[in-house]
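> my questions concern the predicted model and sequence given below.
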Amino acid sequence: MTKAQETKEIAAKYFGAKELSCCESCVKAIKDAYELPFDDEILKLTTGLAGGIGGQGCICGALSGAVMGLGLIYGRSVPGADRSQMMQLGKEMYEHFEENFSFFCCRTQLKDFSSKDAPEARAHCQNLIDTMLDKACELIEREGLPE
């Protein structure tokens, strides 16, 4: 199984069971698949991003969660440290989302569904998650894991 397949399987497990939001499931999937040295407490950072930030329907959690997952690997932890690599990766994730889905807001992504919990809407969100995790794993493969 590839890392992309593994991350998507982990995310689908939690998102599909409605145990974690799209953002939370992306971060957990990257953290677990790459065996990153973070406790699940890290998910607390993502909880308020559910439903497009506090349920307000804007920035898609699949995008923000996948970028946060990359940040666990390539982000900075020392004030003033170089952030150029992570900024470039974030830009690439943003552009990939835009190329594939055009609209960044949950409410726009889900406007054609009867509710955000409709099976078709959840399947659409799972596709967003899968697409962004595929891209995140592609970038991790390209950049390599830091030592």
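That came in fine, so what should we check first?

> would you mark the buried spots in the helix or strand of the chain with the lowest mean pLDDT?
Lowest by mean pLDDT, DSSP states H and E among the helices and strands of the chain is helix 106-109, with a mean of 89. Within helix 106-109, the residues that qualify as buried are 106, 109, counting by 16 or more other C-beta atoms under 10 Å. C-beta here means a position set from N, CA and C on the backbone, and glycine is covered the same way.

> ok, residues contacting the helix or strand immediately after it in the chain?
Using DSSP states H and E, the helix or strand that directly follows helix 106-109 along the chain is helix 119-143. Defining contact as C-beta atoms under 8 Å, 6 or more residues apart in numbering, one finds that helix 119-143 is touched by 2-4, 7-8, 11-12, 15-16, 22, 25-26, 29-30, 34, 60, 62-63, 65-67, 69-70, 73-74, 85, 89, 92-93, 96-97, 100-101, 109-110, 113-116.

> among those, which ones are buried?
By 16+ other C-beta under 10 Å, the contacts of helix 119-143 give 3-4, 7-8, 11-12, 15, 22, 25-26, 29-30, 34, 60, 62-63, 65-67, 69-70, 73-74, 89, 92-93, 96-97, 101, 109-110, 113, 116 as buried.

> OK, contacts around L70?
With contact taken as C-beta under 8 Å, 6+ apart, L70 is in contact with 30, 86, 89-90, 93, 136, 139-140.

> can you redo these as TSV with pLDDT and distance to E147?
Listed next are these as TSV, based on pLDDT from 0 to 100; distance: C-beta to C-beta, whole Å:
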residue	pLDDT	distance to E147
I30	98	18
M86	98	17
L89	98	18
G90	98	22
M93	98	23
A136	98	20
L139	98	18
I140	98	14
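
> how close does the residue lying closest to R107 once chain neighbours are set aside sit to S64?
Nearest non-adjacent residue to R107, counting by C-beta to C-beta, 6 or more residues apart in numbering: G57, 3.2 Å away. To S64, G57 is 13 Å away according to C-beta to C-beta, to the nearest Å.

> so between these two, which is more surrounded?
Legend: neighbour count by other C-beta atoms under 10 Å for G57 and S64, higher for S64 (25 against 17).

> got the angle between the helix or strand harbouring that one and helix 119-143?
Using DSSP H and E, S64 maps to helix 61-74. Here helix 61-74 runs at an angle of 20 degrees relative to helix 119-143 (axes from the mean of the first three to the mean of the last three C-alpha atoms, to 10 degrees).
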